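1. this one's sequence-less:
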């Protein structure tokens, strides 16, 4: 599942530091809580959304506007099933609805579709090569933005500009390495879910 | 307590947990669907966005903080640019001042003439609209929603529906207001519909956003009503936007649909101006209108055309015959009772149009004015006792 040249932080070490192979520290690092893989990434996603919404046009171009919670909706069900993750994902969707001015429930429905689809197909995706995961990521993006187009058409009666949807999907696709990083870091980390 | 392989506390959680998570996902989906069905964003009414005012007030704080260094850097680069290119800019500005001076004099003259015409014609002119300047702090520019947060709100008398413009043209309108922050619906949003007019042909159309930078022009009628490069202004129909705000230029998309190249996209939208415009209720009231002099008091009475003697006699005879016929009709029922019968006048039928000339010689003769008289219907035969 690794991309070429990607070893992960734990195996490579930081700045050439020696990897700590102590028994107690190794076991302790294999028990992760919701803060590590749910709350902290959700806060980072929220901060990224706010930062990229700054009214700033460098060289006349707008900042990209990726749907960063989509990355979490893709990675969380692959890491493990969780009771907290759907609620946090729903809260992130509500935040996007309010912050971007979409109808309430718009982004939540799309994110939940991705989460529910992947949690049912989890066992078929875990352990595959990164290119396979990337293909499934593109399929999930297609379903996600297709549902967004459908909901917008239902809500307003007009189809939004498709090229704009492609642009936003492309900006979201650029965050795919974050999915690989999360999977590499958390999928096999906790011994309780081996 | 057992340790090692016998400790399998989480083994039984795998399948039930997946199903339980799916149940949670279903509950969240049902809640989101209910919210979605209950939110009528397409109506663009104050109630649709009233529940978001508190969120906008809080969410704008980090973007305000983030925009500070951005604005500082932007102002600094502008200052440096002004300093480095001051000489060249000074030359350009001098040339422009020389060109515009003559237009200024012409403008003053035309404005004076226009004011006189308005007074003479007793026109109902629109009053000056107050404006509030604000700065954009956050923007949502995706295909599904185009909004913008500005750092001015109800504390500066901004209300729902106020139009927002830049120095170039129309940007959108206010759809959400909190004390210090307002949410602006861009004209490019999929829910935005702006009634516009084409300046050249005065044709009306509806500019509809689709999430992109080039809104569509809908309901365009006529082949020549729109041409490439025509200037698009707000028409004022519906009363949401005042008439005459510059919007953009007409362009034809690759799909053959008329679109608008927005003037507001000429540069980054930083400072905006919120017009405190409240549809037709801001027009002058009756007292204000009555203070202006009536046109009959200002202009001399219109000159009447000279009346010829022949025409006046004909008109008087026809008037008398008309009066006689009306008297006949009115007294038909009581004819037997009246001792004196009024004279019945039978008008001679005459062609409505003059006959065409029979020969070329007669056509060469001077044209004779046809004796035109008002048509009088023949009197109904009265009962002969």
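-> Received, thanks. Since the structure is predicted, the reported quantities are computational estimates derived from the model, not experimental observations.

2. Provide a list of residue ranges in chain A with pLDDT below threshold.
-> Chain A contains residues with pLDDT under 70 at A:1-30, A:190-194.

3. could you redo the last one with a cut-off of 80?
-> Residues of chain A that meet the criterion pLDDT under 80 lie in A:1-32, A:57-60, A:188-194.

4. how about the helices in it?
-> Along chain A, the segments classed as helices by DSSP state H run A:9-12, A:23-28, A:34, A:40-52, A:69-79, A:84-100, A:106-120, A:122-125, A:130-156, A:162-173, A:176-186.

5. Those helices: which one's closest to residue B:17?
-> Relative to residue B:17, the nearest member of the helices of chain A by CB to CB is helix A:106-120, separated by 10.2 Å. C-betas here are computed from N, CA, C, even on glycine.

6. Relative to the whole chain's centre, how far out is that closest one?
-> Shown here is helix A:106-120, whose average C-alpha point lies 11 Å from the average C-alpha point of the whole chain (CA atoms, centre = their mean, to the nearest Å).

7. Could you pull out the buried residues of stretch B:82-93?
-> Within stretch B:82-93, no residue counts as buried by 16 or more other CB atoms under 10 Å in any protein chain shown.

8. which residues are in contact with stretch A:102-114?
-> Outside stretch A:102-114, the residues that touch it by CB atoms under 8 Å, 6 or more residues apart in numbering or on different chains are A:67, A:69-70, A:73-74, A:86, A:89-90, A:92-94, A:96-98, A:100, A:140, A:143-145, A:147-148, A:151-152, A:155, B:25, B:28-29, B:31-39, B:41, B:144-145.

9. Just name the most buried of the helices of chain A.
-> Per residue and on average, the most neighbours among the helices of chain A fall to helix A:69-79, with a mean of 25 (mean count of other CB atoms under 10 Å in any protein chain shown).

10. Can you give me the distance of residue A:110 to residue A:148?
-> Residue A:110 is 5 Å from residue A:148, where distance means CB to CB, to the nearest Å.

11. Could you do residue B:221 as well?
-> 34 Å.

12. swap in residue B:80?
-> For residue B:80, the distance to residue A:148 - CB to CB - is 42 Å.

13. residues contacting residue A:138?
-> The contact partners of residue A:138, by CB under 8 Å, 6+ apart, come to residue A:173.

14. roughly how far apart are the spatially most central residue of chain A and residue A:100?
-> Chain A has residue A:71 as the residue nearest its centroid, 1.3 Å off, counting by CA atoms, centre = their mean. Summarising the geometry, the distance separating residue A:71 from residue A:100, computed by CB to CB, is 17 Å.

15. same deal with residue A:146?
-> Residue A:146 is 19 Å from residue A:100, by CB to CB.

16. I figured the residue nearest to the centre of chain A was touching residue A:180, is that so?
-> No. When contacts are counted by CB atoms under 8 Å, residue A:71 is not listed as touching residue A:180 (10.4 Å).

17. Around chain A, which positions in the stretch 51-200 of chain B sit nearby?
-> Counting by CB under 8 Å from any CB of the partner chain, the residues of the stretch 51-200 of chain B lying close to chain A are B:52, B:55-56, B:59, B:62-63, B:66-67, B:70, B:136-148, B:183, B:185, B:190-191.

18. Tell me which of those fall in strands.
-> Helix and strand membership here follows DSSP state E; of these, those in strands are B:136, B:137, B:138, B:139, B:140, B:141, B:146, B:147, B:148, B:183, B:185.

19. with these in mind, which one is nearest to residue A:186?
-> Lowest distance from residue A:186 to those (CB to CB) belongs to residue B:140, with 30.7 Å.

20. Could I get the contacting residues of the spatially closest residue to that closest one that is not a sequence neighbour?
-> Spatial nearest neighbour of residue B:140, excluding adjacent residues (CB to CB, 6 or more residues apart in numbering or on different chains): residue A:100 at 4.1 Å. Residue A:100 makes contact with A:53, A:107, B:140, B:142, B:144, B:145, B:147 under the criterion CB under 8 Å, 6+ apart.

21. How is the closest residue to residue B:46 other than its chain neighbours assigned, secondary-structure-wise?
-> Counting by CB to CB, 6+ apart, residue B:160 is the residue found nearest to residue B:46 once chain neighbours are left out, at 4.4 Å. Assigned by DSSP: H, G, I helix; E, B strand; the rest coil, the conformation of residue B:160 is coil.

22. OK, contacts around residue B:160?
-> With contacts defined as CB under 8 Å, 6+ apart, residue B:160 is in contact with B:46, B:49, B:174, B:175, B:176, B:177.

23. got any ranges where the stretch 251-385 of chain B has weak pLDDT?
-> Residue ranges of the stretch 251-385 of chain B with pLDDT under 80: B:278-385.

24. what does it put close to chain A?
-> B:267, B:268, B:269, B:270.

25. which of those residues lies closest to residue B:197?
-> Using CB to CB as the measure, the one of these that approaches residue B:197 most closely is residue B:269, at 23.6 Å.

26. For that closest one, what are phi and psi?
-> When read as degrees, to the nearest 10, the backbone of residue B:269 gives phi -80, psi 110.

27. For it, which residues are in contact?
-> By CB under 8 Å, 6+ apart, the contact set of residue B:269 is A:55, B:136, B:139, B:148, B:166, B:171.

28. Drop anything exposed from these.
-> Among the contacts of residue B:269, those buried by neighbour count (16+ other CB under 10 Å) are A:55, B:136, B:139, B:148, B:166, B:171.

29. Of those residues, which pair is most distant in space?
-> The largest separation in these, counting by CB to CB, is between B:139 and B:166 at 13.3 Å.

30. now stretch B:221-237: mean pLDDT?
-> With pLDDT averaged residue by residue, stretch B:221-237 scores 88.

31. Give the buried residues for that stretch.
-> Buried residues in stretch B:221-237, counting neighbours by 16+ other CB under 10 Å, are found at B:225, B:226, B:230, B:232, B:233, B:234, B:235, B:236.

32. Output these in JSON lines; the columns should cover distance to residue B:204 and secondary structure.
-> Conversion of the buried residues of stretch B:221-237 to JSON lines gives the following (distance: CB to CB, whole Å; DSSP: H, G, I helix; E, B strand; the rest coil):
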{"residue": "B:225", "distance to residue B:204": "9", "secondary structure": "coil"}
{"residue": "B:226", "distance to residue B:204": "11", "secondary structure": "coil"}
{"residue": "B:230", "distance to residue B:204": "13", "secondary structure": "coil"}
{"residue": "B:232", "distance to residue B:204": "11", "secondary structure": "strand"}
{"residue": "B:233", "distance to residue B:204": "11", "secondary structure": "strand"}
{"residue": "B:234", "distance to residue B:204": "11", "secondary structure": "strand"}
{"residue": "B:235", "distance to residue B:204": "6", "secondary structure": "coil"}
{"residue": "B:236", "distance to residue B:204": "10", "secondary structure": "coil"}
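
33. what subset of those is also close to chain A?
-> With respect to chain A, and counting by CB under 8 Å from any CB, no part of the buried residues of stretch B:221-237 is in contact.
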